[in-house]
Structure formats: structure tokens, C-alpha cells
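*Asks:* Give me the fold of what follows.
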Amino acid sequence: MDLTRLNETLRRRTAKLAATERRLRRDIAQRKHSAASLKRKEPQRAQMLKESLQLQAGLRTLARRVLAVQEEERTTLSRELQDEVVQTLVGIHVRLLLLKKESWSSTQDLQNEITGTQHLVSKSARLIRRVAHKLKVQ
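*Replies:* Here you go, the predicted model:
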């Protein structure tokens, strides 16, 4: 009976060993297949990485150009604001000096000068609004 039991145990262990060996062979085959697949895909991954780095560099360049253009536009708007508004304000100042100097003249002339000065103030306000709107749109 001991021999029968030992043979049965040996048979079961042999079956388990055979099943384990089959799993190991299957796992080895899968690993070999995976390794070969990875090896085939390596050039593609390298190319994709290269393209990704090129795209990143392109985006950085584009971002720098956008910032440069925005800065140029701000400079242009600043010059426009200074040229137009300051010129108008200087005109208002000159008119007010004239009004002060010639305040003894006729009432009609004084009213005309005041009206003209009011127009210059309105023009300045419109210019400032326009430039502010341009700045807001950006």
C-alpha cells in the first residue's frame, strides 16, 4: 500500500510539474514575443519622441513670437496715445492760456473759444476710450 500511495503522489506531482512547465514555456514564449515587439517598436518610439521634442521647441518659438508681437503692439499703442492725446491736451492748454490772456474780449469770442476747447476735450476722451478698447481687446 505504501508503494501505491507513493506512486499516486509521484503521479500527482509529475502532473503538477508538467502543468507548471507548460505555464513556464507559455510565459517564456509571451515574454519573448513582448521583447521582440518592444524591439520592433523602439524606432517608432524614438521617432515619436523626436517629433514631440520638435513640436515643443516649435511651441516655445511661437510663444516667444506672440509675446514679441504683443509687446510691439503695446509700444505702438503707447506711441499713438502719447502722440494724439498729448497733442490734443497741449492744444487745450494753449487755448486756455489764450482764454486767460484775452478774457477781456467779447462774450461771443469767449464762448466760441470755450466751445472749441470743449470739442478738444471730447476728442481726447474719445481717443483715450479707443486706445483703452484696443488694449482691452488684446
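*Asks:* On the three-state scheme, the spatially most central residue of the chain is what?
*Replies:* Geometric centre of the chain, nearest residue: A63, 6.7 Å, by Cα atoms, centre = their mean. At A63 the chain is in helix, as set by DSSP: H, G, I helix; E, B strand; the rest coil.
*Asks:* pLDDT value on it, please?
*Replies:* pLDDT for A63: 93.
*Asks:* Distance check, it against A57.
*Replies:* A63 sits 11 Å away from A57, going by Cβ to Cβ, to the nearest Å. Quick note: C-beta positions are derived from backbone N, CA and C, even for glycine.
*Asks:* T76 too?
*Replies:* From T76 to A57 the distance is 29 Å (Cβ to Cβ).
*Asks:* got it, and K50?
*Replies:* Look at K50 and A57: by Cβ to Cβ, they are 11 Å apart.
*Asks:* same thing with Q70?
*Replies:* For Q70 relative to A57 (Cβ to Cβ), the value is 21 Å.
*Asks:* Measure how far stretch 3-18 is from the centre of its chain, please.
*Replies:* Relative to its parent chain, stretch 3-18 has a centroid offset of 70 Å by Cα atoms, centre = their mean, to the nearest Å.
*Asks:* show me where pLDDT drops low in this structure?
*Replies:* 1, 103-105, 136-138 (pLDDT under 70).
*Asks:* What separation do you get for A18 and H119?
*Replies:* Counting by Cβ to Cβ, the gap from A18 to H119 is 105 Å.
*Asks:* What of T9?
*Replies:* 114 Å.
*Asks:* Same question for Q47.
*Replies:* From Q47 over to H119 (counting by Cβ to Cβ), the distance is 67 Å.
*Asks:* same thing with A57?
*Replies:* 54 Å.
*Asks:* go on, T4?
*Replies:* In this view, T4 and H119 are 122 Å apart by Cβ to Cβ.
*Asks:* Could you do L59 as well?
*Replies:* 50 Å.
*Asks:* which SSE is A19 in?
*Replies:* helix 2-80 (DSSP states H and E).
*Asks:* I114 - nearest residue in space that isn't next to it in sequence?
*Replies:* Leaving aside its chain neighbours, I114 sits nearest to L99 (7.1 Å; criterion: Cβ to Cβ, 6 or more residues apart in numbering).
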